[in-house]
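Enquirer: Below are the sequence and a predicted model for it; my questions follow.
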Amino acid sequence: MRSTVVKPKLLQNLIMPEEINLPDTMGHFGRFGGKFVPETIMPALEELEKAYLEARNDPAFQAELDYYLKEYVGRPSVLYYAERLTKKFGGAKIYLKREDLNHTGAHKINNTIGQILLAKRMGKKRIIAETGAGQHGVATATAAAMFGIECDVYMGEEDMRRQALNVFRMKLLGTRVIPVTSGSKTLKDATNEAFRDWMASVRYTHYILGSVVGPHPYPMMVRNFQTVIGKEVKSQIMEKENRLPDYLIACVGGGSNSMGLFHPFIEDREVRMIGVEAGGLGPEIGQHASTLTSGKIGVLHGSASYVLQDDDGQTLPVHSISAGLDYPGVGPEHSYLKDIGRAEYVSITDVEAVNAFQECARLEGIIPALEASHAIAYTMKFAPTLSSDKLIVICLSGSGDKDSFEVAKKLGYTI
Amino acid sequence: MNRIDKKFQELKNKKKPAFIPFITAGDPDLQTTKALILEFEKRGADIIELGIPFSDPIADGPIIQASYYRALVKGMKVAQILDMVAKLRNESEIPIVSMVSYSTVFKGGCQAFIEKACKAGLDGLTIPDLPVEENNEIFQVAKEKDFKIVCFIAPTTTDQRKILITQKSQGFLYYISVVGITGVRDKIPEDVLQNIKSLKQITDTPISVGFGVSTPDHAKMIGKAADGVIVGSAIIREVEKYTNEPLEKLVEKVGAFVGELVLGAKG
């Protein structure tokens, strides 16, 4: 008798409807998430959570947020059919969600507008933020300028060098950029410094964390502010194709643009979600930032998640050509989605990303951020394996203008 | 009885506060750390707070960060620190509580970490990034072994949280004197004494005060009101100052400073 192969039932078919309601009241997504911070800032997190939950249910707050997203950020951002990318690499039909067209050139402003409205509501007089590539720093500085609130941004010295243009933009916007010289002088260390500042200034300062990382309620709150991406995609693709996409592809550093795209589709089981991490120079320790694909569960910056750490819980060095992906942790909800099999995570090297950066520029006349170039690079490999009736949506999370100097250097040009 | 409980009992009878110096394990090396602990004991320190270096300490200022960094670049591992404590236990019964990041405790598992710490001869842990809401598992494990988990109260802590924390903290309570990170400061905030007083109304657990306590005068002021005085950054700064000197000289110099702090604290 011929044996029949019994296919294991996909975990993703077993997700209960309540999965969409995570985190729990302490910020847990299964074994991930939580609040692991010093007591000094615990009361501030409680205050923030309370204020956020009230605001979320307040139609006036939502109306104000919608107003600024439309009139100031320029939403909705377009969902663009990338015909030439599709022709060259399809298989599947490729759409780009153009978050690079937002004011300030990236998705980060969706969150900073939301949080600054919240800070105003809480009566906080000062804003602080951390930044890696500088996109979150610029988005925070922009919102702070528009609302007339004092703003300090922590940025690693190494990132300040790589992203000198964004440093200058922040200064123009009236923000003080504070160089961080500790540790690896990148995003992780800027985040440490922002937390340390907040330890001392918590009574009058709101910390605008830029990704779906950190202690509760940040992963939930930042996600919710970013879901505007996925919600728009859903209605836009219905309008264009009259059906949901087959694949959502986005880059993952901390994971805010990808979570913003993925989350509104969590219950649409037929939509597969693929997060693309920074594979850097290769799989050796210190050469990449592929937290989900090669990290293990640990605690960093206030939550439990996949982390690149040694066996004592010390953070390992990471590398990516993209300052926005150069981070040893990841949002706890991504870890959760990985564990339950609802999302998949892959990695793309520096070289592949720079190649995609150029392909996208030449084929579509769009210069993507190096972060988003990781998502495009994976799509370039993946789309050809699919049939032409499949649909892919890539989150083009930001513009590559900021990366021009770094890529030019890599390609041997002097500007 | 746990060494920490025993010590506070003893001091209560003498009506003296505990003096608790903090040092980083492995800065500049473990041999010096061991020698410093023995020296501090000789100089009248009551309990040692032994910092386990961590790569990303968000509650710590530049002095302790740099000290952790110096230890870590030399490859300091938790297992080596526990080995040193185990060896020290042949020579000393001074209570030792380790300050350790939850990242480190969590990595190998709470149960395994506490078992190893107990076996080595540590008496308790302070875990600055583990709030009471998240520490049920570790409390369970620690309680079974009469191992102390010392919890923090900050000036920002709400009354509701104070009750929760005082009910949980074992061995003593760590009151953070300032809204901010660890570091050397010129002045102790004025509200500290009042805050200790009001805490004493809701708990019998000994209260030790740290963060910013930097001079013998500070120690004296805190020692009059609290059950324990914790000095960290000011001592680490001394260690740093003599880090290139021979071990004997470093120990003598840092020991002398701790001696002054002890005198201050105990009036």
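Expert: Perfect, I can see it now. Residues are numbered from 1 along each chain as shown, chains lettered A, B, ... in the order given.

Enquirer: buried sites along stretch A:147-154?
Expert: Buried positions in stretch A:147-154, judged by neighbour count with 16 or more other CB atoms under 10 Å in any protein chain shown: A:I149, A:C151, A:D152, A:V153, A:Y154. C-beta: built from backbone N, CA, C; applies to glycine.

Enquirer: ugh, typo on my part, it should be stretch B:211-222
Expert: Neighbour-count burial for stretch B:211-222, counted by 16+ other CB under 10 Å, picks out B:F211, B:G212, B:V213, B:S214, B:T215, B:P216, B:H218, B:A219, B:K220, B:M221, B:I222.

Enquirer: Check stretch B:97-116 too.
Expert: Result for stretch B:97-116 [16+ other CB under 10 Å]: buried residues B:97-107, B:110, B:113-114.

Enquirer: Of the residues you listed, which belong to strands?
Expert: Using DSSP state E, B:V97, B:S98, B:M99 are the members of the buried residues of stretch B:97-116 that sit in strands.

Enquirer: remind me which residues of the stretch 1-150 of chain A are low pLDDT?
Expert: Counting by pLDDT under 70, the stretch 1-150 of chain A shows low-confidence ranges at A:1-20.

Enquirer: B:E252: how many residues sit nearby?
Expert: By other CB atoms under 10 Å in any protein chain shown, 13 other residues sit near B:E252.

Enquirer: That one - that's part of a helix, no?
Expert: Yes - assessed with DSSP: H, G, I helix; E, B strand; the rest coil, B:E252 lies in a helix.

Enquirer: Tell me which residues touch the nearest residue in space to it that is not next to it in sequence, please.
Expert: Ranked by CB to CB, 6 or more residues apart in numbering or on different chains and with sequence neighbours excluded, the top spatial neighbour of B:E252 is B:E39, at 7.8 Å. Residues near B:E39 by CB atoms under 8 Å, 6 or more residues apart in numbering or on different chains: B:V251, B:E252, B:V254, B:G255, B:V258.

Enquirer: residues contacting B:K7?
Expert: Taking CB under 8 Å, 6+ apart, one finds B:A18, B:D46, B:I47, B:P95 in contact with B:K7.

Enquirer: Can you list which of these are found in strands?
Expert: Among the contacts of B:K7, the ones falling in strands (DSSP E) are B:A18.

Enquirer: Show me which of the ones in strands among the buried residues of stretch B:97-116 is closest to B:I235.
Expert: B:M99 (13.1 Å; CB to CB).

Enquirer: Can you tell me how far the residue nearest to B:E252 is from B:G255?
Expert: Here the criterion is CB to CB, to the nearest Å. By it, B:E39 lies 4 Å from B:G255.

Enquirer: what about residue 56, neighbour count?
Expert: No chain was given, so I picked chain A. So A:R56, with other CB under 10 Å, has 16 neighbours.

Enquirer: Sorry, I should have been clearer: chain B.
Expert: Number of residues near B:D56 (other CB under 10 Å) recorded here: 25.

Enquirer: how would you label it: helix, strand or coil?
Expert: From three-state DSSP, the assignment for B:D56 is coil.

Enquirer: That one and A:N192 touch, don't they?
Expert: Yes - judged on CB atoms under 8 Å, B:D56 makes contact with A:N192 at a distance of 5.3 Å.

Enquirer: Quickly list what's touching both of the two.
Expert: Common contacts of B:D56 and A:N192 (CB under 8 Å, 6+ apart): A:G183, A:H301.

Enquirer: Could you measure from the closest residue to A:Q226 other than its chain neighbours over to A:Y154?
Expert: Leaving aside its sequence neighbours, A:Q226 sits nearest to A:G260 (CB to CB, 6+ apart; 2.8 Å). With distances taken as CB to CB, A:G260 is found 23 Å from A:Y154.

Enquirer: Leaving out chain neighbours, which residue sits closest to whichever residue of the stretch 51-200 of chain A sits closest to chain B?
Expert: Across the stretch 51-200 of chain A, no residue is closer to chain B than A:A200, which sits at 3.5 Å (CB to the nearest CB). Excluding the flanking residues, the one nearest A:A200 by CB to CB, 6+ apart is B:G180, at 3.5 Å.

Enquirer: Contact partners for that neighbour?
Expert: Residues in contact with B:G180 (CB under 8 Å, 6+ apart) are A:T40, A:M199, A:A200, B:G61, B:F211, B:G212.

Enquirer: Let's have those in CSV, adding distance to A:T414 and secondary structure.
Expert: Formatted as CSV, the contacts of B:G180 follow (distance: CB to CB, whole Å; DSSP: H, G, I helix; E, B strand; the rest coil):
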residue, distance to A:T414, secondary structure
A:T40, 48, helix
A:M199, 43, helix
A:A200, 43, helix
B:G61, 42, coil
B:F211, 50, coil
B:G212, 50, coil
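
Enquirer: now those residues as TSV including distance to A:Q115?
Expert: What follows is these, written out as TSV (distance: CB to CB, whole Å):
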residue	distance to A:Q115
A:T40	20
A:M199	19
A:A200	20
B:G61	27
B:F211	28
B:G212	30
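
Enquirer: Count the neighbours of the residue nearest to A:L281 when sequence neighbours are not counted for me.
Expert: The shortest distance from A:L281 to any non-neighbouring residue, by CB to CB, 6+ apart, is to A:Q287 (4.3 Å). A:Q287 has 17 neighbouring residues, counting by other CB under 10 Å.

Enquirer: ok, B:I127 touching B:V105?
Expert: Yes - look at B:I127 against B:V105 with CB under 8 Å: they come within range, at 6.2 Å.

Enquirer: element containing the residue nearest to A:P217 when sequence neighbours are not counted, please.
Expert: In this structure, A:P217 finds its nearest non-sequential neighbour in A:E49, 4.2 Å apart by CB to CB, 6+ apart. A:E49 belongs to helix A:42-56 when assigned by DSSP states H and E.

Enquirer: and the one residue in the stretch 151-267 of chain B that gets nearest to chain A, what pLDDT?
Expert: Closest to chain A within the stretch 151-267 of chain B is B:G180: 3.5 Å, counting by CB to the nearest CB. Here, the pLDDT recorded for B:G180 equals 95.

Enquirer: That one and A:L292, how far apart?
Expert: For B:G180 relative to A:L292 (CB to CB), the value is 34 Å.

Enquirer: residues in the stretch 151-267 of chain B within reach of chain A, list them.
Expert: Residues of the stretch 151-267 of chain B lying near chain A by CB under 8 Å from any CB of the partner chain: B:151-158, B:161, B:165, B:176, B:178-181.

Enquirer: Was I right to think the residue nearest to A:Q226 contacts A:R223?
Expert: Yes - at 6.8 Å, A:G260 and A:R223 qualify as touching, with contact defined as CB under 8 Å.

Enquirer: returning to that earlier point: can you pull the residues that touch both of B:I127 and B:V105?
Expert: Shared contacts of B:I127 and B:V105, defined by CB under 8 Å, 6+ apart, are found at B:I138.

Enquirer: mind checking how far the residue of the stretch 301-415 of chain A found nearest chain B is from A:H107?
Expert: Residue of the stretch 301-415 of chain A nearest chain B, by CB to the nearest CB: A:G313 (3.7 Å). Distance of A:G313 to A:H107, computed by CB to CB: 31 Å.
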